[in-house]
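Q: give me a 3D structure for the following:
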Amino acid sequence: MSIFKKAAAAATAVMLAASCTACGYNTRSALTVDGYSVPAGIYIYFMNNAYNEAISKLTKENADLDTTDEKAVKALPLEGKDVTTWIQDRATEMCVDFAATEKKFDELGLTLTDEDKNYVEMMMSYYWNADSMEPMGVSEDSFKKVVTSTYKSQAVFDHYYGIGEGELGVTEEEVTDYYADEHIRAQFVRMSLTDANGEMLKADGKKALKDMAEDYSDRVEDALKDGGVDAVMAEMDAIQKDYDAYVEEQTAAATAATEDAVADEDADSEGEEHSGSVTVNAEAVEDETTEETTEETAEDTAEAETAAEEETTEAESEAEDAEDETAEASEEDGEQETDETAEDETDEESDEEADDAALLTTGADESDEEATPFPNESIISVIHEEDYDDPNDIYYDPSQSVYEKLLAIGEADYGKPYIVEEDDYYTLVVRYDIRDRMTDDDLLTEGTLESTNYTMHQKDYEDLMDTWTDVMTVVRNDAAYRRYDPFKFKFA
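A: Below you'll find the predicted structure:
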């Protein structure tokens, strides 16, 4: 932290101390859990999380809710409670879980590894923001305790559910079986029933696309007979390339047709203007001939000369105006070109910044990544509808119809092609045996095993924690709860 930020933090601390003078120092702790004192800063941090969770739930129930209207938000009930009470109760639950983790970590005699400690410091340097947190009352120490708690929680989880070493005897075989049961390995080619202009195909166009899909399916069937699953994968890759080329060809043809239509319209428009000009000129010539024939006097001649001079002057004026317009157009083109150049440079800078942000997040440069050996395959997670409060939150990859078809394909039919007909697509799908790719250098890396194990036992761990927290004595500091009203903060 720079000396300027330290000075700002010190000033903030003085302000907080001054504000505490009026209400005493009895709000430094928000609550105690079995005698463990939870600092107010940690309570405020979790209250921020609870506030955002409440807003998310309320906006889902009330699509037109103005979340900046405090009165409107506070007037809405949430799960049978007023919003303020709901936020405070939810923040309390998080604080109790935090305290339970701290106490269990110490009770089991666990310690963080040097790697864990390094990660804590990295997280602190990346996420700590004194300017936004300290004014709310979240100190750097409180924030560090929250970050550290996530690694302590993982250590407690591993104590009970660690693969091959946990107290509850989780084996690697159980984890790999769970992974296989919870994932689908597949390839699919999506064939759109809309044309290059986004319009739905007519009956003959749909039939042509259906014929194409069936032809693709026949190719996969032949590949399966001749070379097995490996041949099917190669054929599906080839089909994807063929379809991509077809789409590109259709798009190019549609673009060319549009350009030709525009050119024809321009030509017709120019022809009409030219025809009108010729007619007017012919009438003018006829009038002039009549005048010359009937009245050939000196006066007429003088008038004709005067008119000619006026026309000449007008023509010169129009020529000058045209020249000026040309110059202005050139300047505008130059300005536009300059703007476009600047815009391109800005886009390049934005792309570089995005790459830098991605590098910071992932810790790896894209150029260092090896090309996947199965670029057209998808690994799709099995969906459990009971895990969702709202069915609309479920995301199907690539669609519900395709997902349900893949899920229904049994092991005996792995490698066989199927066509799924939807309103907007014909989709050629093939499912494979995922265990063929479950090796430590492909799908089943150490990190995948750990994350799968956590997913597998997360609910069990939460239930285990409930057995600890249910018997804990929680004492709220009413003065702190009154003082730290969630609607007094500018939570993000």
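
Q: and the pLDDT for residue 346?
A: Predicted confidence (pLDDT) at residue 346: the value is 44.

Q: what's the weakest-modelled helix or strand in the protein?
A: Lowest on mean pLDDT, DSSP states H and E among the helices and strands of the chain sits helix 3-23, with a mean of 34.

Q: how far does stretch 222-229 sit from the chain's center?
A: Distance, stretch centre to chain centre, for stretch 222-229: 38 Å (CA atoms, centre = their mean, to the nearest Å).

Q: keeping just the C-alphas, turn it into CSV.
A: What follows is the C-alpha trace of stretch 222-229 in CSV, where atoms were taken according to Å, rounded to 0.1, in the frame of the first residue of the first chain:
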residue,chain,number,x,y,z
ASP,A,222,-20.2,-45.8,-43.0
ALA,A,223,-17.3,-44.5,-41.0
LEU,A,224,-18.5,-46.4,-37.9
LYS,A,225,-18.8,-49.6,-39.9
ASP,A,226,-15.4,-49.2,-41.6
GLY,A,227,-13.2,-47.8,-38.8
GLY,A,228,-15.1,-47.6,-35.5
VAL,A,229,-15.3,-44.6,-33.2
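
Q: next, the buried residues of that stretch.
A: By neighbour count on 16 or more other CB atoms under 10 Å, the buried set for stretch 222-229 is 223, 224, 229. All C-beta atoms are positioned from the backbone trio N, CA, C, and that covers glycine.

Q: stretch 180-193 too?
A: Neighbour-count burial for stretch 180-193 flags 180, 182-193 (criterion: 16+ other CB under 10 Å).

Q: on that earlier part again, which of the buried residues of stretch 222-229 fall in helices?
A: 223, 224, 229 (DSSP state H).

Q: what comes into contact with stretch 460-474?
A: Outside stretch 460-474, the residues that touch it by CB atoms under 8 Å, 6 or more residues apart in numbering are 31-35, 92, 96-97, 99-101, 104, 157, 160-161.

Q: next one: the spatially most central residue of the chain, what pLDDT does it get?
A: Nearest to the geometric centre of the chain sits residue 395, at 13.0 Å (CA atoms, centre = their mean). Looking at residue 395, its pLDDT stands at 95.

Q: wasn't it part of a helix?
A: No: counting by DSSP: H, G, I helix; E, B strand; the rest coil, residue 395 is not found in a helix; it is coil.

Q: so which residues of the stretch 101-250 of the chain form strands?
A: Assigned by DSSP state E, counting those that start in this stretch, the strands in the stretch 101-250 of the chain fall at 183-192.

Q: what are the ranges of the helices in it?
A: Secondary structure of the stretch 101-250 of the chain (DSSP state H, counting those that start in this stretch): helices located at 114-127, 130-133, 140-161, 172-181, 203-294.

Q: mean confidence for the last one?
A: Averaged over helix 203-294, pLDDT sits at 80.

Q: ok, now the first one?
A: The predicted model assigns helix 114-127 a mean pLDDT of 96.

Q: who does it touch, helix- and strand-wise?
A: In terms of contacts (3 or more CB pairs under 8 Å, 6 or more residues apart in numbering; DSSP states H and E), helix 114-127 is packed against helix 140-161.

Q: the third one too?
A: The contact analysis (3+ CB pairs under 8 Å, 6+ apart) places helix 140-161 against strand 36-39, helix 40-61, helix 83-107, helix 114-127, helix 130-133, helix 446-469.

Q: just put the ones you listed in JSON lines and tack on mean neighbour count and distance to residue 173.
A: Putting those into JSON lines (neighbours: other CB atoms under 10 Å; distance: least, CB to CB, whole Å) gives the following:
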{"stretch": "strand 36-39", "mean neighbour count": "20", "distance to residue 173": "39"}
{"stretch": "helix 40-61", "mean neighbour count": "20", "distance to residue 173": "37"}
{"stretch": "helix 83-107", "mean neighbour count": "19", "distance to residue 173": "28"}
{"stretch": "helix 114-127", "mean neighbour count": "12", "distance to residue 173": "27"}
{"stretch": "helix 130-133", "mean neighbour count": "15", "distance to residue 173": "45"}
{"stretch": "helix 446-469", "mean neighbour count": "14", "distance to residue 173": "11"}
